[in-house]
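> Turn this into a structure:
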Amino acid sequence: MTVSELMKKMIDASEGNLHDINHFVKVWGYAKTIGELEGIPSETQFILECAAIMHDIACPLCRRKYGNTNGTYQEKEGMPLGRALLADTDLTDAEKERIVFLIGHHHTCTDVNGMDYQILLEADYLVNADESAYSAENIEAFRTRVFRTESGKRLLDSMYRERLAGRKRLMKER
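Model (predicted):
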């Protein structure tokens with residue numbers, strides 16, 4: 001299985017929801033970029049990219065079942081859906097299980113084990129901060145609490161420079 005083949009499978013599984021498709025494509029792009037800039041091993045990079053593409057696989061089901069896409073529901077429902085989508089692929093069992101683990105933890109910012117996990121959290125946040133118009137306070141707190149890679153921090157700082165600068169100006173004026 002290639003990353004492109006998995007991308008096609010996820011687009012098909014997204015039930016035509018362009019927001020979901022655009023979201024995971026953006027997360028994949030940032031994950032790919034951060035992973036390559038950090039120089040992670042190619043095997044880890046592959047797992048990371050697969051997980052980034054699949055991380056929100058449960059969103060359509062969560063909307064139907066719960067009426068929302070709360071992160072807790074995504075993690076719970078995403079693991080079996082991920083296993084099902086990967087079942088007929090040529091990935092090893094270890095690769096499948098790591099991807100499924102990452103799907104089931106992509107909103108959990110504690111006990112982060114592995115660069116693939118760390119980078120997935122950072123890439124997803126980069127996209128969520130824009131899509132949900134997170135405040136400068138939220139961005140600064142998440143950067144301090146969760147971001148660990150230098151590449152992820154640089155992207156965050158560059159992307160949200162204006163929002164963060166506005167907060168700093170407000171703080172000075174007070």
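> going forward, measure contacts and count neighbours with C-alpha atoms only.
OK.
> any weak-confidence spans in the protein?
166-174 (pLDDT under 70).
> rerun that using 50 as the cut-off
When the per-residue scores of the chain are filtered using pLDDT under 50, no range remains.
> In the protein, what residue spans correspond to helices?
If DSSP state H is used as the criterion, the helices of the chain fall at 3-13, 18-38, 42-54, 59-66, 71-86, 93-103, 115-131, 136-145, 150-159, 161-173.
> what residue is smack in the middle of the protein?
Taking CA atoms, centre = their mean as the criterion, Asp124 is the residue nearest the geometric centre of the chain, at 3.1 Å.
> What separation do you get for that one and Thr92?
Shown here: Asp124 relative to Thr92, a distance of 25 Å by CA to CA, to the nearest Å.
> just Lys153 next, same as before
According to CA to CA, Lys153 and Thr92 sit 32 Å apart.
> swap in Ala52?
Distance from Ala52 to Thr92, by CA to CA: 18 Å.
> of these two, who's got more company?
Set Ala52 next to Thr92 and count neighbours by other CA atoms under 10 Å: Ala52 wins out with 33 against 9.
> Please name the residues that touch the more buried one.
The contact partners of Ala52, taken as CA atoms under 8 Å, 6 or more residues apart in numbering, are 24, 27-28, 31, 120, 124.
> Report the buried residues of stretch 15-32.
Going by neighbour count (16 or more other CA atoms under 10 Å), the buried part of stretch 15-32 is 20-21, 23-32.
> Dump those residues into CSV; add distance to Pro80 as well.
Supplementary listing: the buried residues of stretch 15-32 in CSV, determined by distance: CA to CA, whole Å:
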residue, distance to Pro80
Asp20, 19
Ile21, 20
His23, 21
Phe24, 18
Val25, 21
Lys26, 23
Val27, 21
Trp28, 21
Gly29, 25
Tyr30, 25
Ala31, 23
Lys32, 25
